[in-house]
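> pasting the sequence and the predicted model now:
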Amino acid sequence: MSPENAIEVRELTKKFKVYFDKGHTLKEKTLFRRRRAYEERKVLNGISFDVKRGEAVGLIGHNGCGKSTTLKLLTRIMYPDSGTITMQGRVSSLIELGAGFHPDLSGRENIYINASIFGLTRKEIDARLDEIISFSELEEFIDNPVRTYSSGMYMRLAFSVAINVDADILLIDEILAVGDAGFQAKCFHKLKEIKAGGTTIVIVSHSLGQIEQICEKSYWIHNGSIAAEGPPREVHPQYLDYIAKERVRISNKNAARHSKDADGEADGTLQQRSGQDTSGPAEDIKTEQKEQPEKKEQEEQAGRSEETEHSKAEQTARWGNGMARITSVRLLDGQKHEAAAFCTGDPMVVEIRYHVSQAVEDVIFGIGIFRMDGVQCYGTNTKIDHLDEFSLTEDGTMTVSLKELPLLPAQYTLDVAIESGKHMAVDYYTKAKQFEMVSSLYDIGVARIVHQWELTSGRGA
C-alpha cells in the first residue's frame, strides 16, 4: 500500500440474492419451497479507487448504484465477494446514527454506550463527555430518558457522539441533514475542522452541494462501476446531465404508455358504441339486450351524464366561435418523437392539428407557456412574427419550432389558440399540454439567459 494513501480499493465486487417470496418459518420453507426462487443482483462490478491521507471524497450516484454498499464494505459491516480493501488508521463511521441507543436510559448513559461501540474507553469518554453534551446543545435534557426526545434531539445527540471520536478515517452515509439549519451549519463547521486536522473523510450523499463544500474529489458510481472521477465541479455536471436525460426518458416512456392506454380505451368505447363485442357472438348480445332493457337504459343515461360532465370540464378550458377547432396538440423533441419532458436548451416542436367547420379569414395562431404556479413565461403568435395573412378552408396542421427552449427546471403548461381578424376567438385551448423541464444547471428564475463572464484586472481595469 502506498504510504500517501489512507484507503486503497482494488477490483471490488459484491452481489446479493434478491428473493421473490422468501419463507421465514420452518413450515413455510418446507411446504412452499418454490417460494425461495431468487435472482442474483450484482451491485458492485470491480470498482477500484484510492483516497489519500487527509483527503475528503464524495460518492455520488442514483439509488441502488452501490454507494452505500461500498461504504459498508469499507466499515466491514459486510465483506466483498472478491477484491481487496486496505486502510491505514483508526476508522469511525456515521452510517446509522443512534445505533445502540437504549430508549429507557438517559442521554448521558447512552453517550457511554454509543461511544464504547465506536471503540472509546471509559477514560476517553469521560474526557470528551462535556464536549459531546455541549455540542449537542441538550444540557437541559441530558439526564432524561432518550424515549422522551424528539427525533431531532435524538439525531443531534447521536451525531455529537460520532463526530467527537478521534479517527484517522471517517465514513459518512447520508446523515448530514441533522437538526435545524443552525445545527446543520455547526455540523459542517465541525467536519471542516476534522478535515483540517488531517482526518480522511468519505461521504455518501445525494446533496451535491454538501459534497462540493467539503470534498476535493468525487466518484460517480453507475451500475456498479465508476463512471467518472475528479473535482466535484467537473464530475457533478456530468452526473446531473445523466439524471436530466434519464428523467426525460422515463417521462416520455410513461407519456407514450399513457397515450397507448388512452387509445386502447377509446377503441373499446367505439366498439361498445358500434354494438360490437369480442367476448361472444352477436346473438348473445341481442339476447342480453332484450333481457336487460332497464340496465341498458341506465348505462345510456350514465354515458350521457359522463359526456355532459366531460363537455363542461372541457368548456372551462377552452372557448371560441367554433368555426375551426383544435383537434390535437403534440410536443415533439429534436428527433420528432412525442415527448413530455425536455432538457433546458433542447429544441421543441409544437404540432397543432385543427378541423375547419366554416372558412376562417385572417387567421392568427398563437401559443403561451405558463409555469404551474401561473407565471407566464413566454407567448407569441403568427401576427407578432409577421407571417403573411392566410385563411383556413380545410383541415390541416400548424407547427411552431422552438430551436432552443431556455426554460429552467419546473412543470409547465402550454396554451394554444386560433384567432380571426382583430382578436376574435375561434378556439382558445388553455392548458392543452403539460410538460416538464429538467436540467443540470443551478440558475435561478424562469429562463437561462445566454451570458459570459470576463474579469479585467491590472492597469487596463
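That came through, no problem. None of the values given here were measured: they were computed from a predicted structure. Numbers count the residues shown, from 1 in each chain.
> dump stretch 409-419 to PDB, keeping only the CA atoms.
Taking Å, rounded to 0.1, in the frame of the first residue of the first chain, the C-alpha atoms of stretch 409-419 are listed here in PDB:
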ATOM      1  CA  PRO A 409     -36.500  23.100 -14.400                       C
ATOM      2  CA  ALA A 410     -40.200  23.100 -13.400                       C
ATOM      3  CA  GLN A 411     -43.600  21.900 -14.600                       C
ATOM      4  CA  TYR A 412     -45.200  23.900 -17.300                       C
ATOM      5  CA  THR A 413     -48.500  24.100 -19.300                       C
ATOM      6  CA  LEU A 414     -49.000  25.200 -22.900                       C
ATOM      7  CA  ASP A 415     -51.900  27.200 -24.200                       C
ATOM      8  CA  VAL A 416     -52.700  27.300 -27.900                       C
ATOM      9  CA  ALA A 417     -55.200  29.500 -29.800                       C
ATOM     10  CA  ILE A 418     -56.700  30.200 -33.100                       C
ATOM     11  CA  GLU A 419     -58.000  33.800 -33.700                       C
END
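> give me the element Pro103 is part of.
Assessed by DSSP states H and E, Pro103 sits outside every helix and strand.
> so what's the residue count around it?
11 (other C-beta atoms under 10 Å). In short, each C-beta sits where N, CA and C put it, glycine included.
> mind checking the SS state of the residue lying closest to it once chain neighbours are set aside?
Using C-beta to C-beta, 6 or more residues apart in numbering and skipping residues adjacent in sequence, the residue nearest Pro103 is Arg147, 3.8 Å away. The local conformation at Arg147, judged by DSSP: H, G, I helix; E, B strand; the rest coil, is helix.
> check the gap between Arg147 and Tyr154 for me.
With distances taken as C-beta to C-beta, to the nearest Å, Arg147 is found 9 Å from Tyr154.
> helix, strand or coil for the residue nearest to Gly396 when sequence neighbours are not counted?
Spatially, and ignoring its direct neighbours in sequence, Gly396 is nearest to Tyr354 (6.4 Å; C-beta to C-beta, 6+ apart). Secondary structure, three-state DSSP: Tyr354 is strand.
> so where is this protein shaky, pLDDT-wise?
20-24, 28-36, 96-100, 175-180, 258-316, 423, 458-461 (pLDDT under 70).
> list the contacts for the residue nearest to Lys403 when sequence neighbours are not counted?
Using C-beta to C-beta, 6+ apart and skipping residues adjacent in sequence, the residue nearest Lys403 is Pro347, 5.3 Å away. The contact partners of Pro347, taken as C-beta atoms under 8 Å, 6 or more residues apart in numbering, are 333-334, 401-405.
> may I ask which of those has the most neighbours?
Going by other C-beta under 10 Å, Leu405 tops the contacts of Pro347 with 20 neighbours.
> that one touches Asp346, doesn't it?
Yes: between Leu405 and Asp346 there is a contact under C-beta atoms under 8 Å: 6.0 Å.
> just give me the neighbour total for the residue nearest to Pro103.
By other C-beta under 10 Å, the burial measure for Arg147, its neighbour count, is 11.
> and the gap between it and Asn223?
With C-beta to C-beta as the criterion, Arg147 and Asn223 are 42 Å apart.
> likewise for His386?
His386 is 51 Å from Asn223, by C-beta to C-beta.
> the more surrounded of those two?
Neighbours were counted for His386 and for Asn223 using other C-beta under 10 Å; Asn223 has more, 14 against 6.
> where along the stretch 201-350 of the chain do the helices fall?
Using DSSP state H, counting those that start in this stretch, the helices of the stretch 201-350 of the chain run over residues 208-214, 232-273, 282-291, 293-315.
> if we can go back for a sec, which one of the contacts of Pro347 sits closest to Cys377?
Leu405 (10.0 Å; C-beta to C-beta).
> can you tell me, leaving aside adjacent residues, what's nearest to the closest one?
Using C-beta to C-beta, 6+ apart and skipping the chain neighbours, the partner closest in space to Leu405 is Met348 (4.9 Å).
> got it, and Ser401?
Val349 (5.0 Å).
> was I right to think the one you found contacts Met398?
No: Val349 is beyond contact range of Met398, at 11.1 Å (criterion: C-beta under 8 Å).
> pull up the overlap in contacts between these two.
With C-beta under 8 Å, 6+ apart, Val349 and Met398 have no common neighbours.
> which ones are touching Gly396?
Counting by C-beta under 8 Å, 6+ apart, Gly396 has contacts 353-354, 356.
> neighbour count and distance to Glu436 added to the residues you listed, as a markdown table?
Rendered in a markdown table, the data for the contacts of Gly396 read as follows (neighbours: other C-beta atoms under 10 Å; distance: C-beta to C-beta, whole Å):
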| residue | neighbour count | distance to Glu436 |
| --- | --- | --- |
| Arg353 | 15 | 23 |
| Tyr354 | 23 | 26 |
| Val356 | 18 | 33 |
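> show me what contacts the closest residue to Glu124 other than its chain neighbours?
With sequence-adjacent residues excluded and distances taken as C-beta to C-beta, 6+ apart, Glu124 is closest to Ala115, at 7.7 Å. Each residue near Ala115 by C-beta under 8 Å, 6+ apart is listed here: 124-125, 128, 132, 161, 165.
> buried sites along stretch 119-137?
120, 125, 128-129, 132-133, 135-137 (16 or more other C-beta atoms under 10 Å).
> no, scratch that, I was asking about stretch 326-333
Of the residues in stretch 326-333, 326, 329-333 count as buried by neighbour count, 16+ other C-beta under 10 Å.
> repeat for stretch 136-143
Buried residues in stretch 136-143 (16+ other C-beta under 10 Å): 136-138, 141-142.
> distance from the chain centre to it, please.
37 Å (C-alpha atoms, centre = their mean, to the nearest Å).
> now swap in stretch 138-156 and tell me
So, by C-alpha atoms, centre = their mean, the centroid of stretch 138-156 is 33 Å from its chain's centroid.
> now swap in stretch 63-74 and tell me
Distance, centroid of stretch 63-74 to centroid of chain: 19 Å (C-alpha atoms, centre = their mean).
> which residues touch that stretch?
Residues outside stretch 63-74 that contact it (C-beta under 8 Å, 6+ apart): 7, 9, 12, 14, 43-44, 47, 59-61, 78-80, 85, 87, 91, 93, 95, 171, 173-174, 202, 204, 221-224.
> select only the buried ones of the residues you listed in PyMOL?
Typed into PyMOL, the line below selects the buried ones among the contacts of stretch 63-74, using 16+ other C-beta under 10 Å:
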select buried, resi 7+9+12+14+43+44+47+59+60+61+80+85+87+91+93+95+171+173+174+202+204+221+224
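> return the list of helices and strands in contact with the helix or strand where Val161 lies.
Per DSSP H and E, Val161 falls inside helix 151-163. When contacts are defined as 3 or more C-beta pairs under 8 Å, 6 or more residues apart in numbering; DSSP states H and E, helix 151-163 sits against strand 91-94, helix 107-117, helix 122-136, helix 181-196.
> export the ones you listed to JSON lines and append columns for distance to Leu392.
JSON lines is the format used below for the helices and strands packed on helix 151-163 (distance: least, C-beta to C-beta, whole Å):
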{"stretch": "strand 91-94", "distance to Leu392": "67"}
{"stretch": "helix 107-117", "distance to Leu392": "75"}
{"stretch": "helix 122-136", "distance to Leu392": "72"}
{"stretch": "helix 181-196", "distance to Leu392": "58"}
